[in-house]
Every structure is written in structure tokens, then in C-alpha cells.
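A.B. asks: missing the sequence, but the structure's below:
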């Protein structure tokens, strides 16, 4: 399974970062950083009864598709992409920082956060404490915890560490068993993600969201991830009780991101945010 490969590679790659000097450096950056922006608060503020809040993703490549645009081979501009999202009404951004499989970086996250001004999710495969300090030091307001890749103790400890560092947590589930674990092990978590992508085949199916959303308590914010391409998809998500949606590939590959966002949200009255 591709997730297993990514996680094993990630663990191996992090071994050289486990030094007191590096951790001290990150803690110094965190001390000098300002307060985090409320990621969950931003989503809650933007969502309405007719459309979910938009988390727009800055993404260069994927394991299944490679580079998402041919020109990314010569130039990838995360700040320009994220500014386009902000201009057209995104509530928050997600930044892919995995280098080996998605060609992202922590520097992409830092640049986006410092120059765009939206709450930012570090879209990374979290397997070690050091990554949470990196996330905070490089400007993240939230981190992703993938239930399929973590044991119970890791989920609980990582959620506690994130809270200690003032980071919101988006807990990602793929099926009923994972969701039940989250509700039992992390009863205080606010953001529950439902990934519509099959981690074995990488195919997507919105039916995953429709099934799992029914089981989530009303005090949670439901985030549907992957496989959202057209207005009809968004309408069905709203009907299923989804509060926010994380969209990457269909925005990155759009010729006109503003037109694509308006098409997805179905709201021609959305005003562009002044620069």
C-alpha cells in the first residue's frame, strides 16, 4: 500500500533530525513566532448552510500523477498559487510539505504563511514528535493525523503535543473503524476529515463521505477530502452535512482558479478579497 511505503520512508528520513541541537533550533523559532491563527475557527466562520468552507491545497505533485502541471518542472510558485486561493475566497490553505513523494517542502509552508495570511495546514505524514515542532516553527496553524498510519498511543500523544504547540488537528479517517477509534480515543477533537481516496488503489469515491458523515456528532466540523471536482459534488456534500472541503488537484490543474472556485461554490456573488 502506498501509505505504508510513504510512512516507512518518512521514518527513515527523520532519523537524522533526532538531535538536541535541531530541536533547540526549532524551539527558538517557535519562541520568536507569533501566535497561530485559528484553523478550525476560520472554517467555522466561512461555512454557510449552502456551501462548505474551502481549504485550498498548494500541491506540486502526487505519487500517482507526478507533476500536476508541466510547467512545475521549471517553476513552482506556492505563494502565487496560495494568493490566488485567498483572492477567490478560500478560508484556509493546505500545503504539501512531503519532499520525496509530493515534491513539497517546509520552506513552501513558511513562504505561504508569511506572505499570504491565511490559516495553514501542514499536509504531511506525521510519524514523529519532531515534525510537530517543525510544523509550528515553519508557520503551520494545523497538522494532519492520518488514523490509518498511527497506533492508538501515537494518536493520543500527537494530539496532545499539537495542542501544547497551539496547533489545530485535522484527524483523517477512511472508513467506519477508523472513525469509531477517533470518537473513542480523541473525544475532544473538533476537525474530522474523511478522505475519499482509497489508499490501496488511489481511486476516489465521495460515497465514503456520505457513509461516514452520518456517524459524526454535530459538535464536530466535517472535512471532506479528495475527489471533489464539480458543483454537483459540492451540493451533495452540503446535503450530507459536510462543513468544509479540502481540494487540491482540481484547483491546481484549472486554467482559471477563480472560475473553478466560483463553479465549485456555485456563488457568482463571491467577492474577490482585496490584495
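C.D. replies: Yep, that arrived. From a predicted model like this one, the values you see are computed outputs, not experimental measurements. Numbers count the residues shown, from 1 in each chain.
A.B. asks: does residue 57 sit in a helix, a strand or a coil?
C.D. replies: Put simply, residue 57 is strand when judged by DSSP: H, G, I helix; E, B strand; the rest coil.
A.B. asks: nope, residue 93 is what I meant
C.D. replies: Criterion first, three-state DSSP; result for residue 93: strand.
A.B. asks: Let me see the contact set for residue 217.
C.D. replies: Contact analysis of residue 217 by C-beta atoms under 8 Å, 6 or more residues apart in numbering lists residue 183. In short, each C-beta sits where N, CA and C put it, glycine included.
A.B. asks: Count the residues that sit near residue 132.
C.D. replies: Residue 132 has 22 neighbours, counted by other C-beta atoms under 10 Å.
A.B. asks: again, but for the one 4 residues further on
C.D. replies: Look at residue 136: counted by other C-beta under 10 Å, it has 24 neighbours.
A.B. asks: Excluding sequence neighbours, find me the nearest residue to it.
C.D. replies: The shortest distance from residue 136 to any non-neighbouring residue, by C-beta to C-beta, 6 or more residues apart in numbering, is to residue 165 (4.6 Å).
A.B. asks: cool, and residue 102?
C.D. replies: Residue 102 sits nearest to residue 96 (C-beta to C-beta, 6+ apart), 4.4 Å away.
A.B. asks: If the one you found is in a bridge, with which residues?
C.D. replies: Residue 96 has the following beta-bridge partners by DSSP bridges: residue 123.
A.B. asks: sorry, back to before: can you pull the contacts of the residue nearest to residue 136?
C.D. replies: Contacts for residue 165 (C-beta under 8 Å, 6+ apart) come out as 30, 132, 133, 135, 136.
A.B. asks: Retrieve the pLDDT associated with it.
C.D. replies: With respect to pLDDT, residue 165 scores 98.
A.B. asks: In the worst-scoring helix or strand of the chain on mean pLDDT, which residues are buried?
C.D. replies: In the chain, no helix or strand scores lower on mean pLDDT, DSSP states H and E than helix 2-14, which sits at a mean of 89. By 16 or more other C-beta atoms under 10 Å, the buried positions in helix 2-14 come out as 6, 7, 10.
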